[in-house]
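*Asks:* model this:
(chains A, B and C)
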Amino acid sequence: MDRTEERQGLLSALPVALVLAAIFLAPLLVVALFAFMPPGSFGLAHAPTLENFRLFFAQGYYSSLLWSLGMAAAATIVLFLVCYPLAYGMAKVFRSFTLVITLLVVMSLFVSENIRLFGWVLTLMKGGLLSGYLKAWTGLEMDSALYSVPVIVFGLVYSYLPFMLFPLAQGIAMVPEDVRLAASDLGASRTRILWEIDLPLAMPGIVVGSLLSFVLSAGAMAESKLLGGQTVVVMADEIESAFTYGQNWPLGSALAVILILIIGLLATVALAKVDLDGIMGRRR
Amino acid sequence: MAGDTVLRLRGVRKSFGAFTALAGIDLEITDGEFLTIVGPSGSGKTTLIRLLVGMEEPSAGEIHLRDRLINKVPANERPTCMVFQSLALFPHRTVGENIEFPMKLKGVSPDRRRERALELLALLHLPEAYYGKRVQACSGGEQQRVALARALAFDPEILFFDEPLSALDYRLRKVLEKELKDLHRRTGKTFVYITHSLEEAMVMSDRIAIMRGGAIVQVGTAEQIYTAPANAFVAEFMGEVNLFPVTGGDDGRLLCGDLEIRGHDERLRLASGGQGQLMVRPEFVRFLAPGEEADCRLQGRLANVFSLGSRLQYEIEAEGPRGERRLVTVEKLREERFAGAPNGPVTLGWRLADAHLIREA
Amino acid sequence: MKHAPLTRAALLVYGILVLVVLYVPVAAIAFASFSKARYLSFPIRRYTTEWYERAFDSSTVPELVSTSLKVAFAVAVISVVIGFFGALAFARYRWRFRGLFQKLVLLPIFFPQAVLGLAILMWFNALGIVPTWQTAIVAHLTWIAPIATLIIAIRAYGFDPALEEAARDLGAGTWQVLREVTLPLLWPGIVSAGLFAFLLSWGNFPLSLFTTGADSTLPEWLYAKMVSGYSPLVPSVGVMTVLVSIVLIAGGFAFVWGSRRRRG
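*Replies:* Residues are numbered from 1 along each chain as shown, chains lettered A, B, ... in the order given. Down below sits the predicted model:
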């Protein structure tokens, strides 16, 4: 009965909800509180201040934020363009190959991100896989591709490919085949179908994929550190430095709050427009 | 005991938020009868059955099982069992395990369970070898029977059916309709069946309840509802019908603009100035020879003939008092076919004794 | 919709290309792990397996492996248990706060892990808890329990609610329904979720970095070595880490295959 389901729903949700409240919400609350503490202090027993946020602007931390957001945006766009054909293939064209792709991509996720990025370092560095074999086979010299902004974006594209690919494939799969056939029957060209039917109807998948890619890229640190060296310092890096080297928890917290707010705002706005149950295939 | 009331509903309502699915249901179901609830989609039949089985609670009203108020009794504690539209057979269990499930819950010993399961397989004309078969490997009709066997294994007092045959093809449905009727006879249990198919209802049931818009419009045997429907909706729902608006004359006789009415039938008395509809089924309408008399007469033109297999259906166009077109349907068995020319003039007639009056409320 | 053979071929080639690029770095590391030179450069002149031997013999590596294993195993078991119930609350039952719950579960997935790790560290500090590998379990759960929940929820969505209703109708109480119907039907999802949880924890770096305290997991050690100066042990240990993942995935497949076979 309705009341049984209410009760069961509540009880079933309790373990996960409690765990998340205790180790997700609570820490975030602490961070939020610390953001308003005087810079360099360590407890919560001080009068609240906006000093850290002032420092954000005054000491140029906003450039890190802009770099993070900018590279994340670039990575997301590149990811969309790179993944769309593949996702289309997986959803509409390939049969058993879809499973192969899914398996191989998922398996790559299980290799620690650092290891894979380190592999790129070995590949792209001077004397690395690419330049080494290139020289050995053709005699051409190649400079290290590392330590530049494009390679960081490449690293982001590489790391977060599955997070764009799978939602996108799912979204495209949701475009009813008979609608496409009807459009074709009525005279629409392939491009027209793409523009007027595929993209709008796959929108939930596009939104989720883009959101995931952007948000994860904006908060990423390993790519810029391992692949980019000191070329650019991203926001997540600044936050970590503030905590560890700077020993400045309030500043770190404030920077974290700013990053979280921007990401959170984007996520909330985008998710509100998307029918979650619909994407995940709810029957009732 | 057969003949007693086993389920009584009084003033049962069910709302989901602002939407009222059931608007005050009163119904009495007799022990051992086969009652079918028929109605178009959205009429509330499924909601009603879910209330009776215990999957929802009524928003108002009372449901009594014999003398016990069962409004709040959950499904697993009611002596009722339902055969779902989707059958809901456990895909991860074999046929035998599915059938034994309710017995296992009641703590019946494995030997006794197996014995009973095999009995039920036999009762439903399934081979003993099916005991270990996977559910997905069974055909649609076989799965139906497994679902039935499982429900019977629970040994319920009342068995409910939620449109179980709607997904099957015509032939299989006909076979299973007969088997269900037979099963009812052999087990003697109360069957409450819902469907949107009138034909199913008429073939299998002792009584039929017609639902529309969340209310029960009429309850009775198929014969009763067919010949004396409570309103135009029921009349049309039960099959092809001809309806003519009538008003009551000064002496209780019927006045109709479309027909010549002679004579009088006490059954069809209408208060002076009252409104109603005179109803006659197509099979009672005759083609009159020139000069032939009848209680009701109508002139028209033979517009169409349709072949319905064993019967022929004639469509006659007649003109109403203000010039509007009316279609009158006549049905005849093949051997009584009418030999008139297409588009030719015809005169129709019938007896008042074969007609029925629907009084406007 | 029929696609021209040229389109199909082009898409296929593209797909293969992407997969190759995906695994290039893995290949690079695999190669590097066999290089004899102390300072790595390609093409590799001399091959050896000495780095693998060194890794096995070293005092730190086995301990790292043990820590990583303990954490991953605990995370897998816990996330699967709470994820099972969470998935039911997410996808199956109609209850008042379901929408809110769904958002709560999704939130940690979108979160920058490094920031989350730091936040949890501060939180532990405020509570006076000293970080050890046990606290890392808790930290991993923040991210991995929602993922486990989602994986099982995807399966729960495709689940015919009539099955549970039928079981109730046939007399089953709440726990009996869960045990006899819900659990067996969601089992494949549970196994996948467990596998995912283990592997994601095994390879996780950002959360571990801040919350293991004095203890260290394999990814943490690898990272430290990567940034502080090349050591030939890194590729070999890296490869070993990957091998464990592969073995587990293969084992998972064998299990699913086998159970599907057994069900006939």
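
*Asks:* so what's the closest residue to residue C:47 other than its chain neighbours up against?
*Replies:* Of all residues not flanking residue C:47 in the chain, residue C:34 sits nearest, at 4.7 Å (CB to CB, 6 or more residues apart in numbering or on different chains). For every residue, glycine as well, the C-beta is placed using N, CA and C. By CB atoms under 8 Å, 6 or more residues apart in numbering or on different chains, the contact list for residue C:34 reads C:44, C:47, C:48, C:49, C:51.

*Asks:* what distance do you get for residue C:34 to chain B?
*Replies:* Separation of residue C:34 from chain B (CB to the nearest CB, to the nearest Å) stands at 47 Å.

*Asks:* ok so, going back, out of the contacts of residue C:34, list just those in helices.
*Replies:* Members of those lying in helices (criterion: DSSP state H): residue C:51.

*Asks:* flag every residue of chain B that's near chain A.
*Replies:* B:54, B:55, B:56, B:57, B:74, B:75 (CB under 8 Å from any CB of the partner chain).

*Asks:* would TSV of those with distance to chain C and neighbour count be doable?
*Replies:* Below are the residues of chain B next to chain A laid out as TSV (distance: CB to the nearest CB, whole Å; neighbours: other CB atoms under 10 Å in any protein chain shown):
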residue	distance to chain C	neighbour count
B:54	7	23
B:55	6	19
B:56	11	19
B:57	14	17
B:74	7	17
B:75	5	23
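
*Asks:* export the contacts of residue C:34 to TSV and tack on neighbour count and pLDDT?
*Replies:* TSV is the format used below for the contacts of residue C:34 (neighbours: other CB atoms under 10 Å in any protein chain shown; pLDDT from 0 to 100):
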residue	neighbour count	pLDDT
C:44	17	69
C:47	11	73
C:48	14	76
C:49	11	76
C:51	21	74
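
*Asks:* can I get the contacts of residue C:34 in TSV with distance to residue B:246?
*Replies:* Shown next, in TSV, are these (distance: CB to CB, whole Å):
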residue	distance to residue B:246
C:44	103
C:47	105
C:48	107
C:49	104
C:51	103
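
*Asks:* and stretch C:175-183, how far apart are its ends?
*Replies:* End-to-end span of stretch C:175-183 (CA to CA, to the nearest Å): 10 Å.

*Asks:* any idea of the mean pLDDT in that stretch?
*Replies:* When pLDDT is averaged along stretch C:175-183, the result is 90.

*Asks:* buried set for that stretch?
*Replies:* Along stretch C:175-183, these residues count as buried under the neighbour rule (16 or more other CB atoms under 10 Å in any protein chain shown): C:176, C:177, C:178, C:180, C:181, C:182.

*Asks:* so the first one, which of the three states?
*Replies:* This points to residue C:176. helix (DSSP: H, G, I helix; E, B strand; the rest coil).

*Asks:* contacts only, for it.
*Replies:* Residue C:176 sits next to B:105, C:167 when contact means CB under 8 Å, 6+ apart.

*Asks:* 10 Å instead, please
*Replies:* Residue C:176 makes contact with B:76, B:101, B:104, B:105, C:167, C:168, C:170 under the criterion CB atoms under 10 Å, 6 or more residues apart in numbering or on different chains.

*Asks:* may I ask which helix or strand encompasses the third one?
*Replies:* If you go by DSSP states H and E, residue B:104 is part of helix B:95-106.

*Asks:* now the fifth one
*Replies:* Of the helices and strands defined by DSSP H and E, residue C:167 is found in helix C:161-169.

*Asks:* angle of that helix against helix B:95-106?
*Replies:* With axes from the mean of the first three to the mean of the last three CA atoms, to 10 degrees as the basis, helix C:161-169 and helix B:95-106 are set at 50 degrees to each other.

*Asks:* you'd agree residue B:347 is in a strand?
*Replies:* Yes: remark: residue B:347 belongs to a strand, assigned using three-state DSSP.

*Asks:* identify the bridge partners of it.
*Replies:* Beta-bridge partners for residue B:347, by DSSP bridges, are residue B:299.

*Asks:* need the contact list for it.
*Replies:* By CB under 10 Å, 6+ apart, the residues touching residue B:347 are B:286-292, B:294, B:297-300, B:316.

*Asks:* in strands only, show me these.
*Replies:* Taking DSSP state E, the ones among those that sit in strands are B:286, B:287, B:297, B:298, B:299, B:300, B:316.

*Asks:* can you say which of the residues you listed are buried?
*Replies:* Among the ones in strands among the contacts of residue B:347, the ones that count as buried by 16+ other CB under 10 Å are B:286, B:287, B:297, B:298, B:300, B:316.

*Asks:* quick check, pLDDT for residue 125.
*Replies:* Answering for chain A, as no chain was given. pLDDT recorded at residue A:125 is 80.

*Asks:* that answer is for a different chain, and I need it for chain C
*Replies:* Residue C:125 carries a pLDDT value of 81.

*Asks:* could you count how many residues lie near it?
*Replies:* The number of residues packed near residue C:125 is 14, by other CB atoms under 10 Å in any protein chain shown.

*Asks:* helices along the stretch 1-150 of chain A, start to end?
*Replies:* A:2-20, A:26-34, A:51-58, A:61-88, A:96-110, A:113-124, A:129-138, A:149-159 (DSSP state H, counting those that start in this stretch).

*Asks:* which of these is buried the deepest?
*Replies:* Among the helices of the stretch 1-150 of chain A, the stretch with the highest mean neighbour count (mean count of other CB atoms under 10 Å in any protein chain shown) is helix A:113-124, at a mean of 24.

*Asks:* what's the angle from that one to helix A:129-138?
*Replies:* Using the same axes, to 10 degrees: helix A:113-124 against helix A:129-138 is 30 degrees.

*Asks:* packing partners of helix A:113-124?
*Replies:* If you count contacts as 3 or more CB pairs under 10 Å, 6 or more residues apart in numbering or on different chains; DSSP states H and E, helix A:113-124 packs onto helix A:129-138, helix A:149-159, helix A:222, helix C:5-33, helix C:218-228, helix C:233-262.

*Asks:* so who does residue 119 touch?
*Replies:* Using chain A. When contacts are counted by CB under 10 Å, 6+ apart, residue A:119 touches A:111, A:128-129, A:158, C:23-32, C:235, C:238.

*Asks:* that's the wrong chain, I wanted chain C
*Replies:* Taking CB under 10 Å, 6+ apart, one finds A:23-24, A:26-32, A:34, A:239, A:243, A:252-253, A:256, A:260, C:111, C:139, C:142, C:210 in contact with residue C:119.

*Asks:* tell me the confidence at it?
*Replies:* pLDDT for residue C:119: 87.

*Asks:* what's the answer for residue A:5, then?
*Replies:* On pLDDT, residue A:5 comes in at 79.

*Asks:* can you count the residues close to the closest residue in space to it that isn't next to it in sequence?
*Replies:* Nearest residue to residue A:5, sequence neighbours excluded (CB to CB, 6+ apart): residue C:93, at 4.7 Å. Residue C:93 sits with 21 neighbouring residues when counted by other CB under 10 Å.
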